[in-house]
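1. got a predicted model here, sequence first, then my questions.
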Amino acid sequence: MTKILLIRHGDTDWNVEEIFRGRADIELNETGIKQAELLAKYLEDVSLEAVYTSPLKRALKTAEIIASSHNADVTSSQELIDFDYGEWQGLSNDTVKDKYKALYEKWMKKPHLVIMPKGESLDDVRKRGLRLIDRIIKNEGTVALVSHRVVGKVLICALLGLDNSHFWNIRLDTCGITTFAYEKGRFVLTSHNDTSFLRPLKKAVVSDF
């Protein structure tokens, strides 16, 4: 059996401030590092065969903190890189709402139909993410995939057999863990968006951004 842990990276200033990140190489903030450390401790009894990560610093640092207590190799995978928001990258949510009114409304209501200006679509994310999943399930063991909100949501939809129109039906908080077991040719969701280990921070959960 293969077990896949889909993990979102820890907090950054941009997700707290609701700024579209995309391919901008934003680092974890102080809270994000603490979150990753608590996550690593939470997973210390899990036998990880491998840790794959988006090459962006916020995911890579999270992955390195997790792997440090498991003697697991960290493999950077372009297939896990964040969604390319194109022209939205670096803009605040309020700015995008004002400047791209029609597209923003479409993004909120029909995200599966949106192609970001000079960016990509959710279908692009799905195709590249599943390429990595297809390689991973050829081997048994537990594997962590450290990535981003959009990538995580899209992969959760895909593994559940849902299309990308269900994107907003899924919440994925910073450092949230979603676990799938792959057995007999089927993905089974065993837990979703687990952030129970973050309670020591006594920090309010930020919006789904």
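-> Okay, I see it. Here the structure is a predicted model, which means the values were calculated and not measured.
2. contact partners of the helix with the most length in the chain?
-> What stands out as the longest helix in the chain, according to DSSP state H, is helix 122-136. With C-beta atoms under 8 Å, 6 or more residues apart in numbering as the contact definition, helix 122-136 has outside contacts at 2, 4, 52, 77-80, 83-84, 111-112, 114, 143, 145, 150-151, 154-155, 157-159, 164, 167. Every residue, glycine included, has its C-beta placed from N, CA and C.
3. so Leu201 sits against Leu38, correct?
-> Yes: here Leu201 reaches Leu38: they are 7.2 Å apart, a contact under C-beta atoms under 8 Å.
4. filter the contacts of helix 122-136 to the buried ones?
-> Neighbour-count burial within the contacts of helix 122-136 applies to 2, 4, 52, 77, 79-80, 83-84, 111-112, 114, 143, 145, 150-151, 154-155, 157-159, 164, 167; the criterion is 16 or more other C-beta atoms under 10 Å.
5. restricted to helices, list these.
-> When DSSP H defines the helices, the subset of those inside them is 150-151, 154-155, 157-159.
6. the protein: strands as residue ranges?
-> For the chain, applying DSSP state E gives strands covering 2-8, 48-53, 74-76, 141-147, 177-183, 186-194.
7. export these to TSV and tack on distance to Leu91 and mean pLDDT?
-> Below are those laid out as TSV (distance: least, C-beta to C-beta, whole Å; pLDDT from 0 to 100):
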stretch	distance to Leu91	mean pLDDT
strand 2-8	21	97
strand 48-53	26	95
strand 74-76	27	96
strand 141-147	22	96
strand 177-183	28	96
strand 186-194	26	97
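8. can you lay out the ones you listed as JSON lines showing distance to Arg135?
-> JSON lines is the format used below for the strands of the chain (distance: least, C-beta to C-beta, whole Å):
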{"stretch": "strand 2-8", "distance to Arg135": "11"}
{"stretch": "strand 48-53", "distance to Arg135": "10"}
{"stretch": "strand 74-76", "distance to Arg135": "11"}
{"stretch": "strand 141-147", "distance to Arg135": "10"}
{"stretch": "strand 177-183", "distance to Arg135": "12"}
{"stretch": "strand 186-194", "distance to Arg135": "15"}
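9. so which of the ones you listed is nearest Ser92?
-> With C-beta to C-beta, the closest approach to Ser92 among the strands of the chain belongs to strand 2-8: 20.4 Å.
10. now do the closest one against strand 141-147, angle only.
-> 20 degrees (axes from the mean of the first three to the mean of the last three C-alpha atoms, to 10 degrees).
11. and strand 2-8, how far out from the chain middle?
-> Relative to the chain's own centre, strand 2-8 is displaced by 10 Å; criterion: C-alpha atoms, centre = their mean, to the nearest Å.
12. packing partners for it?
-> Helices and strands touching strand 2-8, as assessed by 3 or more C-beta pairs under 8 Å, 6 or more residues apart in numbering; DSSP states H and E, comprise helix 122-136, strand 141-147, helix 149-159, strand 177-183.
13. contacts for that strand?
-> Strand 2-8 has contacts (C-beta under 8 Å, 6+ apart) with 39, 43, 46, 62, 66, 133, 136-137, 139-149, 152, 155-156, 159, 172-183, 187.
14. do the same with stretch 68-78
-> 40-41, 43-44, 46-55, 60, 63-64, 66-67, 128, 132, 144.
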